[in-house]
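quick one: sequence plus predicted model below, questions after.
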Amino acid sequence: DCFMPFLTGEICAFKIHGQEMPFEAVVLNKTSGEGRLRAKSPIDCELQKEYTFIIQAYDCGSGPGGTNWKKSHKAVVHIQVKDVNEFAPAFKESVYKTTVTEGKIYDSILQVEAIDEDCSPQYSQICNYEIVTTDVPFAIDRNGNIRNTEKLNYDKQHQYEIMVTAFDCGQKHATEDVLVRVNVKPVCKPGWQDWNKRIEYKPGSGSIPLFPSIRLETCDGPVSSIHTTIELQTNSIGKGCDRETYSEKSLQKLCGASSGAIDLLPSPSATANWTAGLLMDNNDLIFKFDGKQGAKIPDGIVPKNLTDQFTITLWMKHGPSPGLRAEKETILCNSDKTEMNRHHYALYVHNCRLVFLLRKDFDQADTFRPAEFHWKLDQICDKEWHYYVVNVEFPVVTLYMDGTTYEPYLVTNDWPIHPSHIAMQLTVGACWQGGEVTKPRFAQYFHGSLASLTIRPGKIESQKVISCLQACKEGLDINSLESLGQGIKYHFNPSQSVLVMEGDDIENINQALRKVSYINSRQFPTAGVRRLKVSSKVQCFGEDVCISIPDIDAYVMVFQANEPKITISGMDHFARPAEQFERGVILLPDIRIVSTVTKTEHPLDSREHDRANKPVVLEEMLHNLDFCDILVIGAELDPEQECLELDRVELQGKHLDATNSTAGYSIYGVDSMHNYEQVLRQIRYRNWFTSAVFDRKFRVKCSELNGRYTSNEFNLEVNILHSSNSNFMDHVNHMMVEPQFLQSVHHPEESRSAVHNSVVPSVATVVIVICVSILIFIITLGVYRIRTAHQRSTGDNEGSKENEMDWDDSALTITVNPMEKYEKPHQTEEESEEEDIEDEDEDTTSAESDESEEEEEEEEEEEVIVQKGNKQNAPRQEQLEWD
């Protein structure tokens, strides 16, 4: 800047008084005294905004040396540095974080702050903030306060990330935006935390925990005690839960029930066809009655006189009856077949009451006696499955429902029924009305579902057997009861579908609930969903209003078990002399029952594209069977001359029983495959009139879970050899069996594999082999005659061979003598051929004597019967025997 210090004289210099001032003053005009003040170096407002210093002017002085100069008075100079907007705003933090609770509107969640290094108020102050991220429920004011514009929801979004920028008053924005992270915290809600809604269960897993990490959140509430109920809901599975689906007869045998139970609702079959027209669920043998169906039980199935002791058992699912005054719904009814409409005994439902009617005959009792027994139970009409047992010890009748005893609330008396010669009709699902109508018909139809309806005359059932018959195979369990902790009380219901826990300490309750598990002891459980419900109640210290714990709704998904393949194998064809069938022949001496499942291996290094090519392996598994049938193929057995028989001693110590008929033999009961094999190997076929029978065919089939899994159909053919062809059979057997088989027959360990590889030729093969054998034999005889020149011996030989050509080829059996190979082990082929010819001559001669016939019968009992095999082995055997 320029200044004029003097009006007269000359000015030679200006002097600035101060320390290291970045300014200097220079003279522009000595005469006028004009000078300029300028900066010696760049001035930075951010370093110093203003300067103040003193300046003086000096004249040129007097004298030749310019000495004695004079100075002016001191002047104060004040300089302010003008700012330039050279710096952008910058935030103090690189990231801002905060946490808010859901469901609230906040005035300020947090404050961001930016600074500007400019020195002037215009450029150094932050005049505005702005949220860069779009579509977020937040806003920011000019002071940097961030607030939410709507209530945040934890379930909708757990965290928000927004970008914020700042502007100074010169409208220069920050070079870098700042990240603001807002975490949403759920409102503290009392309830169970850290549990999964879906629990997966694979068959054979045993007991698996339902909630291994569960914990109770009380939000610091003053809780004094907790009461928790875990309920496993299995109403949609089978008959109320997963139970064994064996037939009622097999289950009763398994539970040790008294024998003699009659199944009134069996699976439809040739011998039990009265249920064929009913609606049925095949998996569980459940019969559904829609109010339009009934079944007649054939005469002779149930005895007419049930005696004073008998038991009726059934599974029933029934709902409320329509209408105010519903009619009777018959479960079981025994009434007059014609002429009259008298009910002798019946079990029915009427207005959600179970009623049992028993009218005695006049000849049994001529006094007023109990006749109707009534039970009123809520479960009768709750549309759920329940197990009912009616034990009759006249005049006392007791009802068991789901294993609990109930006495009748009402008993009415009646007079006995007058005797008559009218036949009675036993029905299920409706009652037969034989009289008082123009045409006999069904009446009083049942609406609901029934299963396992049985009646056992002469005996009542024990409490232990009843509990076994209705037991569930799935339920809740507790792992390690001893580690539940002190102060925990628990209680199971009888079916273990409900568990109640109670305790004072929250952590002890958490630990106890983590040990609650699901278990299914069935080897092949019913696949599907089982609902889980956990409800809790809490009490607080001195609080009228306590926290509320929401219920848990979860479910157990039970997977389908691998389906087993049951395979029956063994000798499928043999022949024996007729004499042995008179004593009885074992049909299945080497039967084998094996079950396998198909599993897919999961190699550790498998990749996505290899999943379709995973190796499949067969794995043998052990499980029970519930019946095996030996059925006669073709004409049924004639009881006058043949039968199948089994020594009942073989059934002792096993859960097995057996029935016999002209159609075959049936073994039933829940037992192991090994026990079934043992019993099947003892069944004999007897025929004491074999002259008109040449063969018999049988079929064996086994089942698990009442036909849910069935085996292959194993066919067995048995040939009966008559004495007319026995001698020739012995002769052919010696020629046809190859020497290698003789050795395998000698060793019992190898006999099974050898038998399966042996040969029983068909009729066509037998004819060809015989023709070729006779031709070779004749040629051999010619050579033999020339060499021996014994005409008489040759003639005898030809005669015997011609007799042997007249044979019955209905069945060819190859038999061998295991001792032949070892009697002469070092014979050459030529020597053995000559000796075979000599043996044949001797056999032909000795066959005419009675003593030889008796010896041959004894040898036939010890001979090895060769199983049907590959027909192509016959020519090969021929080449081995003949050169």
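Looks like it arrived, so ask away. This is a predicted model, so every value here is computed, not measured.

pull up the gap between the nearest residue to Gln252 once chain neighbours are set aside and Thr427, please.
Of all residues beyond its chain neighbours, the one nearest Gln252 is Ala261 (5.3 Å), with distances taken as Cβ to Cβ, 6 or more residues apart in numbering. To be clear about C-beta, it is placed using only N, CA and C from the backbone, and glycine gets the same treatment. Separation of Ala261 from Thr427 (Cβ to Cβ, to the nearest Å): 19 Å.

next: Asn341.
Note on Asn341: its distance to Thr427, by Cβ to Cβ, is 13 Å.

and if you look at Met557?
Per Cβ to Cβ, Met557 is found 42 Å from Thr427.

re earlier: so what's the residue count around the residue nearest to Gln252?
When counting by other Cβ atoms under 10 Å, one arrives at 21 neighbours for Ala261.

repeat that for Val187.
Applying other Cβ under 10 Å, we find 11 residues neighbouring Val187.

how far off centre is the longest strand along the chain?
Secondary structure assigned by DSSP state E gives strand 528-540 as the longest strand of the chain. In this view, strand 528-540 has its centroid 24 Å away from the chain centroid, taken as Cα atoms, centre = their mean, to the nearest Å.

for that strand, packing partners?
strand 223-233, strand 552-558 (3 or more Cβ pairs under 8 Å, 6 or more residues apart in numbering; DSSP states H and E).

mean pLDDT lowest for which of those strands?
The stretch with the lowest mean pLDDT among the helices and strands packed on strand 528-540 is strand 223-233, which comes in at a mean of 92.

can you point out the buried residues in that strand?
Applying a neighbour-count criterion of 16 or more other Cβ atoms under 10 Å, one finds 223, 225-233 buried in strand 223-233.

beyond that strand, next helix or strand please.
Per DSSP states H and E, the first helix or strand lying C-terminal to strand 223-233 is helix 248-254.

quick one: the helix or strand encompassing Asn508 to chain centroid distance?
Using DSSP H and E, Asn508 maps to helix 506-514. Distance of helix 506-514 from the chain centroid (Cα atoms, centre = their mean) equals 29 Å.

over to stretch 534-548?
Counting by Cα atoms, centre = their mean, stretch 534-548 is centred 39 Å from the centre of its parent chain.

likewise for stretch 381-395?
What separates the centre of stretch 381-395 from the centre of its chain is 31 Å, taken as Cα atoms, centre = their mean.

start at 31 instead
Sure, I'll start counting at 31 from here, so that last one is stretch 411-425.

now the end-to-end length of that stretch.
The first residue of stretch 411-425 is 27 Å away from its last residue (Cα to Cα, to the nearest Å).

repeat that for stretch 536-550.
Criterion Cα to Cα; first-to-last residue distance in stretch 536-550 is 30 Å.

same check, this time on stretch 420-429
5 Å.

show the average pLDDT along it.
Computed over stretch 420-429, the average pLDDT equals 91.

got the buried residues for that stretch?
420-422, 424, 427, 429.

circling back: can you name the two of the buried residues of strand 253-263 that are farthest apart?
Considering Cβ to Cβ, no two members of these lie farther apart than Val253 and Gln263, which are separated by 27.5 Å.

distance from the chain centre to stretch 74-93, please.
101 Å.

quick check, nearest of the buried residues of stretch 420-429 to Asp659?
Val420 (31.8 Å).

all helices of the stretch 31-180 of the chain, in order?
With helices called from DSSP state H, counting those that start in this stretch, the stretch 31-180 of the chain shows them at 151-154.

just for it, where's the confidence low?
Counting by pLDDT under 70, the low-confidence segments of the stretch 31-180 of the chain come to 31-38, 92-97.

neighbour-wise, which of Asn371 and Thr457 wins?
In this view Asn371 and Thr457 are compared by other Cβ under 10 Å, and Thr457 has more residues nearby, 24 against 16.

residues contacting that one?
If you count contacts by Cβ atoms under 8 Å, 6 or more residues apart in numbering, Thr457 has them with 324-327, 360, 362-365, 472.

in PyMOL, select just the buried ones from those residues.
For selection in PyMOL, the members of these meeting the burial criterion (16+ other Cβ under 10 Å) are listed in this command:
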select buried, resi 324+325+327+360+362+363+364+365+472
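
and the angle for the following helix or strand past the helix holding Asn538 with strand 253-263?
The element immediately downstream of helix 536-544 (helix or strand, assigned by DSSP H and E) is strand 546-550. In this structure, strand 546-550 runs at an angle of 10 degrees to strand 253-263, with axes from the mean of the first three to the mean of the last three Cα atoms, to 10 degrees as the basis.

which residues are contacting strand 546-550?
Judged by Cβ under 8 Å, 6+ apart, the contacts made with strand 546-550 from elsewhere in the structure are 229, 231, 233, 236-241, 260, 262, 272, 503-509, 529, 560, 586, 588.

if you set the cut-off to 7 Å instead, what comes out?
By Cβ atoms under 7 Å, 6 or more residues apart in numbering, the list of residues contacting strand 546-550 from outside reads 229, 231, 236-241, 260, 272, 503-509, 529, 586, 588.

cool, and stretch 407-421?
Applying Cβ under 7 Å, 6+ apart, the external contacts of stretch 407-421 come out as 265, 269-270, 341-350, 377, 379, 382-384, 386, 427-432, 436, 490-491, 496, 499-500.

please redo it, this time with the cut-off set to 8 Å
Residues outside stretch 407-421 that contact it (Cβ under 8 Å, 6+ apart): 265, 268-270, 341-351, 377, 379, 382-384, 386, 427-433, 436, 479, 490-491, 496, 499-500.

can you check stretch 289-307 too?
So stretch 289-307 is contacted by 277-279, 282-283, 308, 310, 312, 315, 317, 323, 325-328, 331-332, 341, 343, 362, 456, 458, 480-489, 687, 691, 693, 736-737 (Cβ under 8 Å, 6+ apart).
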